[in-house]
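Chemist: predicted structure and sequence below. I'll ask about it afterward.
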Amino acid sequence: MAPKPKPASSQPPPPSVEDLFTMLNRHINASAFQNAVKISDQILAISSSDEDAIRCKLVALIKDDRIDEALSAIRSSPKLLDYFGFLKAYCLYRQNKFDEALDALKGQERSDENMLLESQILYRLGKMDASLDIYQKLQKSKIDSLEINSVASLVMAGSSSEVQGLLDSLRFKATSSFELAYNTACSLIERGKYTDAEQLLLSGRRVGQEILMEDNFPDDEIEIELSPIAVQLAYVQQLLGRKQDANEAYTDIIKRDLADESSIAVAVNNLISLKGPKDVSDSLRTLDRLKEKETQNFELACGLDLKLLAKQKEAIYSNRVLLLLHANKLDQAREFVSRLPEMFPESSVPVLLQAALLVRENKAGKAEEILAQFAGKFPDKSRIVFLARAQVAAAAGHPHIAADSLTKIPDIQHMPATVATLVSLKERAGDIDGAASVLDSAIKWWSNAMTEDNKLNIIIQEAASFKLKHGKEEDAARLYENLVKSQGNIEALVGLVTTVARLDVNKAELYEKKLKTLRGLKGIDVDSLERTSGVKQVDAPHVAVSETQEEGKNKAKAKKKRKRKPRYPKGFDPAKPGPPPDSERWLPKRERSTYRPKRKDKRAAQVRGSQGAVIREKHDAAASSNNSNPKSNQATGSKGAAAVSEQTKPSSKSKKKSRK
């Protein structure tokens, strides 16, 4: 019999491309990006060159934070499409490969989205001026949140004073969104208007809560979204001197952990800087929460490293080094500092930290050398480096190096503090002529300066006193005379008189007549005072008598004490004093009347042998001594018996007491 044929399997036909696109659209609208990628792959399996499927797959991969897979898909695509350059640049931007991202944008059309991405890349590279130029070109474009990024670029470029003008030109209020309020508050902080910044941050937080609640955000997500404002509010409190409030705010943000990674990192860093060198171990443990858990060395977590700006990362690493120095962990600090120049090659902070470490290791000469090398390599950032070198050299006893460092900062040479420091350093180095030339150049600068707060008067007086101190009376007299003629200063006139008196008495008398007489000097005959021989000497006996009388008076005065009301402790009522305190409360326990010693072990005092053996031995010893000295035996025979009986009594009494 022939076998029955098997029934054909009824499998559903594969979905058409139109059905797959319908499913793809549904997954994208539901933000199910993993499913969207799968559907895109099914479409590409049917039609490998479908541009819409390729675009949807790349966007879904980027939205799902699968940046590496998106880059691989772009590179493995059979043909390069026009929009691949933008997507590739965006993926590289997300990976913090900013230079490669800029290269990917080269040759692309100057569309709004390309220009906006380029401005963001320049912002992350720290090229704020170039980023700001692009934002200004995009102001006529209808791009959402453009004003927020423009204000942020102005703040980072150091142009906070232009923020209000930009908002007025764009017709935006600072409180139109909580992001704009935050950035505008940052501009106020840069300008030192901390109270206004605090009020704006509070308004921005209120606006953000209202907007997010209308969008049905959960409370936890609202708090996470507004966490940057909370951290910035704590920072403003810190700047306003309310350190306790700032400390509590930072600690609360860190403990609750309801903030994004960047806000947590800023809160941790600010809390550490607020504490300073106090409790260094706890600060190091707090900072360790930002590191990558899988590595032993301190490295920021991968997600945090991608989100923080270069300045923020530099601040965290710098605080780590300072904490290690305060904790005296010089080996760890040395290893950590050696990595910073590669991470921040154009920053002066790593070389300053290296110098601080070398100073701690008593290598001031090496610190001065590396600071000078960096200043020569980066002249535009040499000011703070030369100031640090001057401080290190002055502390190490190298005044000539310190003075040389200060003279290489031209824009502060005329300032009174700089002039005084240079003069002191050159004086310590024995260069008196160099110190005088510093004063002369400062006088020349202030003589030609057209400023309201002119320091010429102060500089001339200090220069005159310096030259008078070092024996240059003629130069000092000339400076005083110029100051008197130009300013009419009384102090300069006094200095002129005292200086000229050493050179020309007649001229000094002429200037002396310009001085006003003091009140009360008209009735005093100066000549008679000069002729007096002074106070007459008093004989010693009279002095002794007067001293004893004064001592008696002082004792009498000391006896008369003012009656004052007694000062009672807080909460004490003298009407109801309660039980008196124990008079023996400050004595050791063994010296108090209530002290009872611990019971001794009776077994330690047990006597081995027959009963009365010890007494017999004592009696035999006493008898032998009496036999050897019969006179004393007769005199002390009765006393000896009494002594033996008295010696046995205290032991029985002490035993009875111990039983009690």
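Modeler: Happy to help now that I have it.

Chemist: pretty sure Glu261 contacts Lys307?
Modeler: Yes - Glu261 lies in contact with Lys307 (Cβ atoms under 8 Å); the separation is 6.1 Å. (C-beta placed from N, C-alpha, C; glycine too.)

Chemist: for this structure, which residue is closest to the average position?
Modeler: Ser273 (3.1 Å; Cα atoms, centre = their mean).

Chemist: how close does that residue sit to Ala45?
Modeler: 56 Å (Cβ to Cβ, to the nearest Å).

Chemist: ok, now Lys565?
Modeler: Counting by Cβ to Cβ - Lys565 and Ala45 are separated by 100 Å.

Chemist: of these two, which one has the most company?
Modeler: Ala45 (11 against 5; other Cβ atoms under 10 Å).

Chemist: look at the more buried one and report its pLDDT.
Modeler: If you check Ala45, the pLDDT there is 86.

Chemist: what of His619?
Modeler: 47.

Chemist: ok, the one 10 residues further on next?
Modeler: Per-residue confidence (pLDDT) for Asn629: 47.

Chemist: do the same with Phe172
Modeler: For Phe172, pLDDT reads 87.

Chemist: ok, Leu425 next?
Modeler: pLDDT at Leu425 comes out at 94.

Chemist: is it in a helix, a strand, or coil?
Modeler: helix (DSSP: H, G, I helix; E, B strand; the rest coil).

Chemist: correct me, but it touches Gly397?
Modeler: No - distance between Leu425 and Gly397: 11.0 Å, which falls outside the contact criterion (Cβ under 8 Å).

Chemist: what is the burial count for Thr451?
Modeler: 8.

Chemist: do the same with Gly241
Modeler: Gly241, neighbours per other Cβ under 10 Å, totals 10.

Chemist: where's it relative to Tyr194, distance?
Modeler: Taking Cβ to Cβ, one finds Gly241 at 10 Å from Tyr194.

Chemist: not counting its neighbours along the chain, what's nearest Glu179?
Modeler: Ile148 (4.8 Å; Cβ to Cβ, 6 or more residues apart in numbering).

Chemist: Phe344 now?
Modeler: Among residues not flanking Phe344 along the chain, Glu314 sits closest, at 5.4 Å (Cβ to Cβ, 6+ apart).

Chemist: please give me every residue in contact with that neighbour.
Modeler: Counting by Cβ atoms under 8 Å, 6 or more residues apart in numbering, Glu314 makes contact with Met343, Phe344, Ser347, Val349.

Chemist: and it, what element?
Modeler: Assigned by DSSP states H and E, Glu314 belongs to helix 310-326.

Chemist: just the C-alphas of that helix, formatted as CSV.
Modeler: Extracted C-alpha coordinates of helix 310-326, given in CSV (Å, rounded to 0.1, in the frame of the first residue of the first chain):
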residue,chain,number,x,y,z
ALA,A,310,37.7,69.8,30.2
LYS,A,311,37.7,72.5,32.9
GLN,A,312,35.5,70.4,35.1
LYS,A,313,37.6,67.3,34.7
GLU,A,314,40.7,69.3,35.4
ALA,A,315,39.2,70.7,38.6
ILE,A,316,38.4,67.2,39.9
TYR,A,317,41.9,65.8,39.1
SER,A,318,43.5,68.8,40.6
ASN,A,319,41.6,68.5,43.8
ARG,A,320,42.6,64.8,43.9
VAL,A,321,46.3,65.8,43.8
LEU,A,322,45.8,68.5,46.5
LEU,A,323,44.1,66.0,48.8
LEU,A,324,47.0,63.5,48.4
LEU,A,325,49.4,66.3,49.3
HIS,A,326,47.4,67.2,52.4
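
Chemist: mind listing what's buried along the next helix or strand after that helix?
Modeler: Beyond helix 310-326 on the C-terminal side, the first helix or strand identified by DSSP H and E is helix 330-337. Using 16 or more other Cβ atoms under 10 Å as the burial criterion, the residues of helix 330-337 that qualify are Gln332, Ala333, Arg334, Phe336, Val337.

Chemist: could you pull out the strands for the chain?
Modeler: With strands called from DSSP state E, the chain shows none.
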